[in-house]
Each structure stands twice: as C-alpha cells, then as structure tokens.
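**Q** Sequence and predicted structure are below.
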Amino acid sequence: MKRMITATAIVFFICITSIAQQKLTLAQQQEDFKIFKISMQEMHAGVYWFITPERLNMLYDSVYATLKDQEDVEQFYLKVRFCMAALHHGHDGVEWTNRHPGLNYKMNAMPADRKHLPFIMEYLGDRLYILNNCSNNKKIIKGSEIVSINGKTIASLNKQMLQYIFANGRNTTFKYKMLGFYFQFHYLYKVLYPTETSYRLGIIPYKSKIKIQVVANAELPQTIADRYKQQTDKLINNWDTLFSYKVLDKAKGIGYCKMETFSTQRFDTDSIKLVKVLKKMFVQIKADDIKSLVVDVRNNEGGDDSWQTAISYFRGIEENKNGGLAYLQSDKFTYIQCVIQNDGNRQLLQVFKDSPYALIDKTPEGRFKLKPEYTEHDTRAKPLMHNAFNGNVYLLQNGLTFSAGFAFAGMLKDKIKKSNGFIKVIGEDNGDDSDAGVGSGGWGVELLLPNSKVKLNIPITGSGEKAYTIPPVHFLDYKVIPTIADKLNGVDTELEFTKKIIASKK
C-alpha cells in the first residue's frame, strides 16, 4: 500500500517545472511540511472522518519523500494541496500567497501573467463543454464537447485533477463546478503540463456526433475576459441578481424566488439589509397568494447565519440541543503562532493558547467541545416569521449549492417533511455529502507556513462523530442536469422540468 501511494505522488508531481519564482531549500520545505502535518492532526475538525490515520500518514510520508532542494514554491504548494484535498473537507483551502494574482474573483485561480486554455468551459455531469470560444481559431464552435487535449482524454484528466479539489466526503458535483466555473481546470492543466502552449483538441462539435481534431493556442486571462465581453456584452465576473421573486403563473398560484447567497458581505456587510430583502419578498409571496413556490438556491455558495433566517420563513427552528458545529479535534495547537491574527480571533487565540479549557470542555467520551456560550449563534431557536410560506416547495440546487447553501437545503427539506408538508428537490447533488452525517465549518483559522508563505484555511469546528453511520438520505428527488442545447439557447432546464412536475401535480 505504501509503495502504491508513493508511486501515485510521483506521477502527479514529477511533471511540474519552474516558472520563475522563489526557490525553497529542502530544509525550508521540510519545516513547513511538518507544521502543516501537525496542524492538521491537532486542529482540523474531523481530520480522520474520510481517511484513516494510517493511510493519511502513508500519504504524508510518500509526499514528504518527494521534497527536494531548490524546489519552486508552486510545486510545494501543490503537494500541500494534494495532501489536504485527501481529507475530503469542502471548507479546506490552500493558497499560494506570493503568486501573481488572478484577474478577478472568478478567474482568481489563473495567475494573470500566464497563458491558459482559451475557452469558457462548463461541466455538465462529468462531460466538458465549450460555452465560449475565446481563441483565434474561429472554427471551434461553442457547445462543442472536449473529449481530449493533446492526446489526454478528459476522463483521465478529470481523475487526475479531482484529487486537487476540496469537497465533502464522496461529493463530486462541487469538484466539477470548481474545475469549470472557477477555472481550476485551466490552472491545473497549465501547472501539470507547463510546456504546452498549443492545444490539439479532440472535440465533438455541437449538433454533431463525429469527433474532429482542432488546434488552439494558449491565451492570457485578460484576452479571454475581453473576448468573452465582446461575445456576450457582459463582464466575466458579473454578479447575477442575488435575491429575486416573480410570479410564474398567477392563476395557478405558482411563484419563483431566487436566493443566490446568504452572505451579508454581498449586501455591503449589512445583515439588516439582507433581512429586509427577505421580509419584502415573503410579504409579496403572501400577497400574491402563492400555493406552489420554486425556491432556487443554485450557485448559492453560502454565507453566514442568515440562512437560518431564511428557513424561518418556511418553518420555525427549535433550539439545537446538540451544540451545532461545536467539536474540535484536540485541546492543543502547537503552531498557533503561525495563525494569521485579526480583531475577530486575537483574543480567543490567546485564551486557547494560555488556557484552552476556558473555551472548551472535554466530554466523557474524550471529545473536545466548545462551551455553549461560544455556539449560541448556531444553536438558538428562531420563531416562525410573519408571512411565512406553508405551501408546496420545489427546491432547485446544483453542485455550487455549498456551505450555508446546502445547510439551508438540508434543514428546509427536513423541517417540511417532518411537518407533513410537501417538498421536492430538483437538480443535481449539492456541494455536500448528505450521506456522511458529519461536517466541518463554522469557525476556521488561516495558518501561514513561514518559509513558503503558503496559507492554509483550516476548519476547526465540526459536528458529528463518524462518517457514514446514518441511513442513506436520498436527498435528491429528481436528478436533472442541463443539456448543452438548453445552455446555449438560454433555457433553464431545471426550472422547465419543475414547471412540468407542478403541472402534473407530482
């Protein structure tokens, strides 16, 4: 087993070459890797939920053995990222802080000074499509499916790249969305195959069944963004409408509301503004006498506790007696001095360092749990709101329904089902692993490795004890994946499907 893991690590790292950046000595890498490993073992919530201690140690050892003197920082970053992704926690993160920044939030994965694949791409299921051709080869039509790049099949590239993407448990839908929507495929392809500046693509053109070969040259992110705007008259990082409501069929009492975020930052860091938007929406839903409501949380990547406020417009929330996201991995943090401190965590970190049991309790089972006063925000009851909706709910979700987004989806279905209400979930699996029964999130820290300046995002609180000990959830009622034809024609596949099942009263 150890030999197999070592060989796998070599396959993934041997092909990455230098792109004019800081070099690290072997001793520097070894020090940073030691800090990374120990910090994960001590403070990462549920570090062994999805991988055994033995297998994780073998993985650490095999990757540690590939460290070599005068290595590029990026190569070291990728090795840390590979190990951290093996934990299978979606709230994890690894950032190479000293790299050239990305062009914007959406294209942030791609350093703006490097040339990449010249397409806007999206995964539909596990198949990769070109939504916009931003290359000089105008013979490549949008809607074409990419089946190979320079002789490498998309299936083999998927298998390779998914191992660098963070997601909860066995989830893959979130990984595919990150590869496509956030240009992680572009970044990983460039860094795994850095010498390739021209791409021989095997594609199946839109409305064809015959594979052809085409060639496209790499382009800078700015060029890709500019050509996208020329084609669509939109900025590539343009936000959609965050919250919206409309009547789909007044006579039949069918309405639609979109909730694309639960982040107050998207509302100018104003939680009151978000609450007012929700209140106004549900006042109108009540006034319109809506009987069937489509609730759209596709692309809702989370936020803060405002998701619970949104729940209370459907059902009241009782106090959480289990403590919410309350459990820590241990009562020590050897490298707490490497944590990036700010006004929000400085005092708590000092208390944890000096007297951890002022913050946590040790349970009779030997687990470590935050004291109740530090989880009140996550556990307090929320009464049913005035103008709450009590009709039929049709919930739309996709792989980018993440964090507070999937927390909302999960609780909404649970509350409505338990109150004998009607709810159906349509789309694809959201960004969670509902069958795992465990999850990390809530509180986290950013830890900066001293030599490489690689930054780790570590979730330090979680809920649950052991993965996959609950009965299968079967959360999704109707699996609906958009077709490329609908994408190109501006048809909302999931919404149109939902209209049909409402009409058939299923």
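**A** Received, thanks.

**Q** So this structure: which segments form each domain?
**A** Here the domain parsing of the chain from automatic domain parsing is 1-88+327-374+439-466, 119-232, 243-323+377-432+476-503.

**Q** can you list those domains in JSON lines and add mean pLDDT?
**A** Formatted as JSON lines, those follow (pLDDT from 0 to 100):
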{"stretch": "domain 1-88+327-374+439-466", "mean pLDDT": "88"}
{"stretch": "domain 119-232", "mean pLDDT": "98"}
{"stretch": "domain 243-323+377-432+476-503", "mean pLDDT": "94"}
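
**Q** What's the first helix or strand after the helix or strand containing K159?
**A** Here K159, judged by DSSP states H and E, is contained in helix 154-161. Going down the chain from helix 154-161, the next helix or strand is helix 173-181, by DSSP H and E.

**Q** Can I get the next helix or strand after that next one in PDB, CA atoms only?
**A** Sequence order places helix 184-192 as the next helix or strand after helix 173-181, per DSSP H and E. Taking Å, rounded to 0.1, in the frame of the first residue of the first chain, the C-alpha atoms of helix 184-192 are listed here in PDB:
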ATOM      1  CA  GLN A 184      -9.500  25.400 -11.800                       C
ATOM      2  CA  PHE A 185      -9.200  23.100 -14.800                       C
ATOM      3  CA  HIS A 186      -7.300  25.900 -16.700                       C
ATOM      4  CA  TYR A 187      -4.900  26.400 -13.800                       C
ATOM      5  CA  LEU A 188      -4.300  22.700 -13.000                       C
ATOM      6  CA  TYR A 189      -3.800  21.800 -16.700                       C
ATOM      7  CA  LYS A 190      -1.200  24.600 -17.100                       C
ATOM      8  CA  VAL A 191       0.700  23.700 -14.000                       C
ATOM      9  CA  LEU A 192       0.600  20.000 -14.600                       C
END
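
**Q** And the contacts of helix 184-192?
**A** 12, 15-16, 74, 78, 109-111, 114-117, 121, 128, 149, 157, 160-161, 164-165, 178-179, 218 (Cβ atoms under 8 Å, 6 or more residues apart in numbering). For glycine as for every other residue, the C-beta is placed from the backbone atoms N, C-alpha and C.

**Q** report the angle between the axes of it and helix 173-181?
**A** Helix 184-192 and helix 173-181 are oriented at 70 degrees to each other (axes from the mean of the first three to the mean of the last three Cα atoms, to 10 degrees).

**Q** Next secondary structure after helix 184-192?
**A** Following helix 184-192 in sequence, per DSSP H and E, is strand 198-204.

**Q** just checking, what packs against the helix or strand just after that following strand?
**A** Sequence order places strand 212-217 as the next helix or strand after strand 198-204, per DSSP H and E. For strand 212-217, the packing partners by 3 or more Cβ pairs under 8 Å, 6 or more residues apart in numbering; DSSP states H and E come out as strand 198-204.

**Q** so what strands line up beside the strand it packs on?
**A** strand 145-149 (antiparallel), strand 212-217 (antiparallel) (DSSP bridges).

**Q** list the buried ones in it?
**A** The neighbour-count check on strand 198-204 (16 or more other Cβ atoms under 10 Å) flags 199, 201-204 as buried.

**Q** Could you do stretch 168-175 as well?
**A** Neighbour-count burial for stretch 168-175, with 16+ other Cβ under 10 Å as criterion, is recorded at 168-169, 171-175.

**Q** Assign a three-state SS to M121, would you?
**A** strand (DSSP: H, G, I helix; E, B strand; the rest coil).

**Q** Tell me the bridge partners for it.
**A** Going by DSSP bridges, M121 forms beta bridges with I130.

**Q** Dihedrals phi and psi, F243?
**A** Main-chain torsions, F243, degrees, to the nearest 10: phi -130, psi 130.

**Q** I'd say it and M281 touch.
**A** Yes. Counting by Cβ atoms under 8 Å, F243 does reach M281; the two are 6.5 Å apart.

**Q** If you count surrounding residues, which of those two has more?
**A** Each of F243 and M281 has its neighbours counted (other Cβ atoms under 10 Å); M281 has more, 21 against 17.

**Q** thought the more buried one was touching G255?
**A** No. If you go by Cβ under 8 Å, M281 and G255 don't touch, sitting 9.7 Å apart.

**Q** Between the two, which contacts overlap?
**A** Overlap of the contact sets of M281 and G255 (by Cβ under 8 Å, 6+ apart) consists of Y245.

**Q** related to what we said a few turns ago, type out the ChimeraX command that picks the buried ones from the contacts of helix 184-192.
**A** Per 16+ other Cβ under 10 Å, the buried members of the contacts of helix 184-192 correspond to this ChimeraX selection:
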select :12,16,74,78,109,110,111,114,115,116,117,121,128,149,157,161,164,165,178,179,218
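
**Q** Next, format the buried residues of strand 198-204 as TSV and append distance to A467.
**A** Output for these, formatted as TSV (distance: Cβ to Cβ, whole Å):
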residue	distance to A467
Y199	39
L201	39
G202	38
I203	39
I204	38
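
**Q** ok, which pair from these is furthest apart?
**A** Between any two of the buried residues of strand 198-204, the greatest separation by Cβ to Cβ is 15.8 Å, found for Y199 and I204.

**Q** And the helices in the stretch 401-506 of the chain?
**A** 404-418, 484-489, 493-503 (DSSP state H, counting those that start in this stretch).

**Q** can you put those in TSV and add distance to P472 and mean neighbour count?
**A** TSV is the format used below for the helices of the stretch 401-506 of the chain (distance: least, Cβ to Cβ, whole Å; neighbours: other Cβ atoms under 10 Å):
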stretch	distance to P472	mean neighbour count
helix 404-418	14	20
helix 484-489	30	14
helix 493-503	23	17
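
**Q** still on that earlier bit, out of the buried residues of strand 198-204, which is nearest to K369?
**A** Closest to K369 out of the buried residues of strand 198-204 is Y199 (51.5 Å), distances taken as Cβ to Cβ.

**Q** now that closest one, which residues is it bridged with?
**A** Taking DSSP bridges as the rule, Y199 bridges to A216.

**Q** and it, what does it touch?
**A** Counted by Cβ under 8 Å, 6+ apart, Y199 has contacts 117, 149-150, 215-218.

**Q** Save the residues you listed as CSV, and put in distance to Q30 too.
**A** Compiled in CSV, the contacts of Y199 are given as follows (distance: Cβ to Cβ, whole Å):
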residue, distance to Q30
L117, 34
I149, 35
N150, 35
V215, 43
A216, 41
N217, 39
A218, 34
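
**Q** Going by distance to R266, which of those wins?
**A** Of all the contacts of Y199, R266 sits closest to L117, with 29.1 Å by Cβ to Cβ.
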